[in-house]
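# curious how this folds, go ahead:
(2 chains)
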Protein chains: 2
Amino acid sequence: MRRKPIRKPHRMTSTIENSESAGKRIIVSIDTMGGDRGPAAVVAGCSRFAKKNPDVAFILHGPKDVLSKLVGRRKSLLERVTIQNADGAVSMTDKPGQVMRNGKGTSMWNAIDAVKSGDADVCVSCGNTGALMALSMLRLRKLPGINRPAIAVLWPSRNASGANVMLDVGADVRADENDLLQYALMGASYMRNGYDIKRPRIGLLNVGTEDNKGRPELKAAHDLMSINADVSNFEYVGFVEGNDIPSDKVDVIVTDGFTGNVALKSAEGTAKLIRELLKEAFNHSLLSRLAALLAYTSLRRLSGRIDPRQLNGGVFLGLNGTVVKSHGSADATSVASAVQLAFQLGQSGFDEKLAARVASAAALNQIDE
Amino acid sequence: MRRKPIRKPHRMTSTIENSESAGKRIIVSIDTMGGDRGPAAVVAGCSRFAKKNPDVAFILHGPKDVLSKLVGRRKSLLERVTIQNADGAVSMTDKPGQVMRNGKGTSMWNAIDAVKSGDADVCVSCGNTGALMALSMLRLRKLPGINRPAIAVLWPSRNASGANVMLDVGADVRADENDLLQYALMGASYMRNGYDIKRPRIGLLNVGTEDNKGRPELKAAHDLMSINADVSNFEYVGFVEGNDIPSDKVDVIVTDGFTGNVALKSAEGTAKLIRELLKEAFNHSLLSRLAALLAYTSLRRLSGRIDPRQLNGGVFLGLNGTVVKSHGSADATSVASAVQLAFQLGQSGFDEKLAARVASAAALNQIDE
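Numbering: from 1, shown residues only, chains lettered A, B, ... in the order given. Predicted structure coming up:
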């Protein structure tokens, strides 16, 4: 029933081969401001990805003089960058409402607008999540039939593909049963297109797997998903718990943005603590340092799999256009990872496929209601 | 402001020295049924802890013939065990309401009743969480002034004490601002008594640290905690995020039972995945196996710190008596860990101290309202 992913795990790659747009130049619109480390880390990340990939080009939004200097130093970006000056920037503390009213001309606004106008295929920002979602909704508009857009992240897992997708992880702290069903459909489309999984297995995050557990909207969503599974071509595995997220039981984990955000960050915090403790353990004695040397390759492989920087990038689903949210604290490695995700989403033509899926689901939903 | 814990981290130990009950025999009432591995694992866990500690005794509730055989084999349990026959058992799928009506005579009911009657100091069960909480509330009753009892768990952290406490992790999926304040007070009392932290730092789990983030009840709780911090002798550090849970920023993480349960299990799932990947990494080649051998001690130390079995045991707070909930899948190591926690709570006289704290807080709250 499930095929193995065609290329390496963790990334949207499998449809690239078959896509009409394969090999075409993808233009990524970048908000260079708003990340905690400023434009230098963002430009370094773009450069890092550009070195590996000849088919990417960038529109960089931000202060022209600063960006010109940063870009000028990097051969990898030569003739692949357009700089569009933006003097304003959205800060981490700006409220979404303010940004919607007064954010015109900021690097974030302009980065999104480049997707709206068709100048770029996809947008990447390390900025304020709430503001980025608000501006994305304002400028790109929701897909017809979508009530709440969601942010989806990839999660290292025991699956053959190496990853699950979870949504929503923070677009909206509320979600009713219809929103949760829409998340299921969007998540299924993501896995279908990204990992060539014909019939993605969907689990609904709860505090127990019995039918009587959890909040009322979860019970309603449980029923709704059971009814819609066949016709929408996904397998509904029922309620799953937090420890099932990285398991091989599911491909898509559906939850509201509050719970998803807490789950994601708890897992990240845990992974970080273990990485630090592991480092300490290997620095503990001469013997353990020698051991670390011997196990270098194995440890690096492990480290790559659990490094949150390697899986950086939340994708906004449910809009007319693709926006990738990178971690605010992203360094060059993280930014490169977010740009890679954006690039692959752009190349796969995921946008149009998701829109088609949602449109047919919306039609279905109207019949159901 | 904060003193280091007197003994080893991860456990409620520091007050034992000063307590009147130090050295006194603690009787632990055990529900031997209900865990996924049956009474054999539970008895093995009791035996394991008994070997290390001469001051513990047990009342085992379950099928007499089975228990007699299991106990008879173990010298460590000789003359330290009373077996009380119970033919009924609560299963993982029983609904709390049913168990409240029909659960009389089950091993779970009887295990709790031994605390109510004063025959035992504290109760341990691996059974159905919902049923255990329902029966605990029915038989032990809530402390005056407590609306919703909570389940608290210790969490490995970067703190000097090596642990934070988080509550609620699943007693109740709802919590309003007053419940969250009560959780803060109970969590503070737990850290004060267990870790000798005079003024515990309390964080409220949210999806961002800005004042405007999250759900309405969180904003109300935020205000309530700010107002109550000084008079209730805790430090309120404001909103924290999932990745702050294992950090050194906080001692107590307050959240509703739904979110806390998901956070806990997400972290457990992540730790488990990393442990498995680590094992694979070290089994990958001859060289990496040699490395594992060299780093054996360091890795064991690390493994101990991140092994969920070593931190097994959720404590029910807010009742007239102490109940420790062990993982349903607990093996002997896990059960021993839960029994150790129960023993130390019993010895510290935590019960009475928490009751006193909640009583004074309830008085305060009435003034505030």
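# going forward, measure contacts and count neighbours with C-alpha atoms only.
OK.
# low-confidence ranges in chain A?
For chain A, residues meeting the criterion pLDDT under 70 lie at A:1-23, A:304-311, A:357-369.
# quick one, domains of it?
Using automatic domain parsing, the domain parsing of chain A gives A:1-7+A:147-317+A:350-369, A:20-145+A:319-348.
# which other helices and strands does the helix or strand harbouring residue A:151 contact?
In the assignment (DSSP states H and E), residue A:151 maps to strand A:150-156. Counting contacts by 3 or more CA pairs under 8 Å, 6 or more residues apart in numbering or on different chains; DSSP states H and E, strand A:150-156 packs against strand A:163-167, strand A:314-317.
# JSON lines for the domains of chain A, including mean neighbour count?
Putting the domains of chain A into JSON lines (neighbours: other CA atoms under 10 Å in any protein chain shown) gives the following:
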{"stretch": "domain A:1-7+A:147-317+A:350-369", "mean neighbour count": "21"}
{"stretch": "domain A:20-145+A:319-348", "mean neighbour count": "21"}
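# can you put the ones you listed in CSV and add distance to residue B:175?
Below are these laid out as CSV (distance: least, CA to CA, whole Å):
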stretch, distance to residue B:175
domain A:1-7+A:147-317+A:350-369, 12
domain A:20-145+A:319-348, 25
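# what are the boundaries of the strands in the stretch 201-350 of chain A?
Secondary structure of the stretch 201-350 of chain A, counting by DSSP state E, counting those that start in this stretch: strands at A:201-205, A:235-240, A:252-254, A:314-317, A:322-325.
# of all those strands, which one is nearest chain B?
strand A:201-205 (8.1 Å; CA to the nearest CA).
# ok, and what's touching that closest one?
Outside of strand A:201-205, the residues within contact range by CA atoms under 8 Å, 6 or more residues apart in numbering or on different chains are A:184, A:188, A:218, A:222, A:234-242, A:249-255.
# ok so residue A:90 is a helix residue?
No. Read with DSSP: H, G, I helix; E, B strand; the rest coil, residue A:90 is coil and lies in no helix.
# excluding its backbone neighbours, what's nearest it?
residue A:34 (6.0 Å; CA to CA, 6 or more residues apart in numbering or on different chains).
# what comes into contact with the strand holding residue A:151?
A:10, A:162-172, A:183, A:187, A:245-246, A:257, A:305-306, A:311, A:313-318.
# re earlier: can you add distance to residue B:355 and give the strands of the stretch 201-350 of chain A back as JSON lines?
Below are the strands of the stretch 201-350 of chain A laid out as JSON lines (distance: least, CA to CA, whole Å):
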{"stretch": "strand A:201-205", "distance to residue B:355": "35"}
{"stretch": "strand A:235-240", "distance to residue B:355": "36"}
{"stretch": "strand A:252-254", "distance to residue B:355": "40"}
{"stretch": "strand A:314-317", "distance to residue B:355": "45"}
{"stretch": "strand A:322-325", "distance to residue B:355": "47"}
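# for those, which one sits closest to residue A:272?
Shortest separation from residue A:272 across the strands of the stretch 201-350 of chain A is recorded for strand A:314-317, at 18.7 Å, computed as CA to CA.
# neighbouring strands of that closest one in the sheet, and parallel or not?
strand A:150-156 (antiparallel), strand A:322-325 (antiparallel) (DSSP bridges).
# beta partners for the residue nearest the centre of chain A?
What sits nearest the mean C-alpha location of chain A, by CA atoms, centre = their mean, is residue A:314, with 2.3 Å. Under the criterion DSSP bridges, residue A:314 forms beta bridges with residue A:325.
# quick one on the thing from earlier: would you mind putting the helices and strands packed on strand A:150-156 into a markdown table with distance to residue B:145 alongside?
Converted to a markdown table, these look like this (distance: least, CA to CA, whole Å):
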| stretch | distance to residue B:145 |
| --- | --- |
| strand A:163-167 | 38 |
| strand A:314-317 | 43 |
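# by how many degrees do the top helix by length along chain A and strand A:163-167 diverge?
Of all the segments of type helix in chain A, defined by DSSP state H, the longest one is helix A:257-282. On the basis of axes from the mean of the first three to the mean of the last three CA atoms, to 10 degrees, helix A:257-282 is oriented at 140 degrees to strand A:163-167.
# quick one on the thing from earlier: who touches the residue nearest to the centre of chain A in this structure?
Per CA under 8 Å, 6+ apart, neighbours of residue A:314: A:151, A:152, A:153, A:154, A:324, A:325, A:326.
# now residue A:270
Residue A:270 touches B:243, B:246, B:267, B:270, B:271, counting by CA under 8 Å, 6+ apart.
# for these, which one is nearest chain A?
residue B:243 (4.0 Å).
# how about the nearest residue to that closest one, chain neighbours excluded?
Excluding the flanking residues, the one nearest residue B:243 by CA to CA, 6+ apart is residue A:269, at 4.0 Å.
# residue A:59 contacts residue A:32, correct?
No. If you go by CA atoms under 8 Å, residue A:59 and residue A:32 don't touch, sitting 9.8 Å apart.
# dump the contacts of residue A:314 into TSV; add distance to residue B:63 as well.
Converted to TSV, those look like this (distance: CA to CA, whole Å):
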residue	distance to residue B:63
A:151	51
A:152	49
A:153	48
A:154	47
A:324	58
A:325	57
A:326	57
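# would you mind naming what in the stretch 51-200 of chain A lies close to chain B?
Along the stretch 51-200 of chain A, the residues adjacent to chain B under the rule CA under 8 Å from any CA of the partner chain are A:93, A:157, A:158, A:170, A:173.
# so which pair among the residues you listed is furthest apart in space?
Spanning the widest gap among those are A:93 and A:158, at 37.0 Å by CA to CA.
# so which residues of the stretch 51-200 of chain A form strands?
Here the stretch 51-200 of chain A has its strands, by DSSP E, counting those that start in this stretch, at A:56-62, A:81-85, A:122-125, A:150-156, A:163-167.
# check contacts around the residue of the stretch 51-200 of chain A found nearest chain B.
Nearest to chain B in the stretch 51-200 of chain A, going by CA to the nearest CA, is residue A:173, at a distance of 6.6 Å. Going by CA under 8 Å, 6+ apart, residue A:173 touches A:256, A:257, A:258, A:259, B:214, B:215.
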